[in-house]
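[1] what follows is a predicted protein model with its sequence.
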Amino acid sequence: MTLWNSGQLAKADALIKQGLARFPDHPQLLSDAGVIADKLGKNDEAIKYFEQAHELVPQIPLCFRNYLVLLSMNNDTEKIVEKTPEILRLFGDDAKMLMMLAAACVETGADDRFFEVLRSLHELEPNERRYLDDMAA
């Protein structure tokens, strides 16, 4: 059983940070540090860890997904919209991620990006109108 699953988050955090002191560019340590920081309520710290991990291994979408979800929770919609091309490339078949991106586009007034996302949603499920209904709500 891992330390964080057994409720020993502070100990897990200390161990991960020791590991990062020795291996600062280790993607798995960075990702684990992000998970722990998130569980400890340190969203800004978690975002930085996930962003670093994603920059090191952009082909692995889990770190990027975690990063985007935390940005969304922090209402940092401008950063989400900046990542539109990468989100579409990595999550073009994930309706939930596309809906999060579409909502960020609407909130920031990025109409051109919004229509790009809407096209992706339509390609994903061409007969589905609920996306438009969800956006109108």
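    That came through fine.

[2] can you list contacts of stretch 74-93?
    43-44, 47, 58, 61, 64-65, 68, 71-72, 97-98, 100-101, 103-105, 107-108, 110, 113, 116-117, 120, 124 (CB atoms under 8 Å, 6 or more residues apart in numbering). To be clear about C-beta, it is placed using only N, CA and C from the backbone, and glycine gets the same treatment.

[3] any regions of this protein where pLDDT drops low?
    Applying pLDDT under 70 to the chain picks out residues 1-7, 126-137.

[4] and if we set it to 80?
    By pLDDT under 80, the weakly predicted segments of the chain are 1-7, 59-60, 124-137.

[5] how about the helices in it?
    For the chain, the helices defined by DSSP state H occupy 9-22, 27-39, 43-56, 61-73, 77-82, 84-91, 95-108, 111-124, 130-136.

[6] buried residues in the second one?
    Using 16 or more other CB atoms under 10 Å as the test for burial, helix 27-39 gives Pro27, Leu29, Leu30, Ser31, Asp32, Ala33, Gly34, Val35, Ile36, Ala37, Asp38.

[7] what's the closest of those to Gln8?
    Nearest to Gln8 among the buried residues of helix 27-39: Ile36, at 10.3 Å, using CB to CB.

[8] hang on, the closest one packs against Asp13?
    Yes - counting by CB atoms under 8 Å, Asp13 is a contact partner of Ile36 at 5.0 Å.
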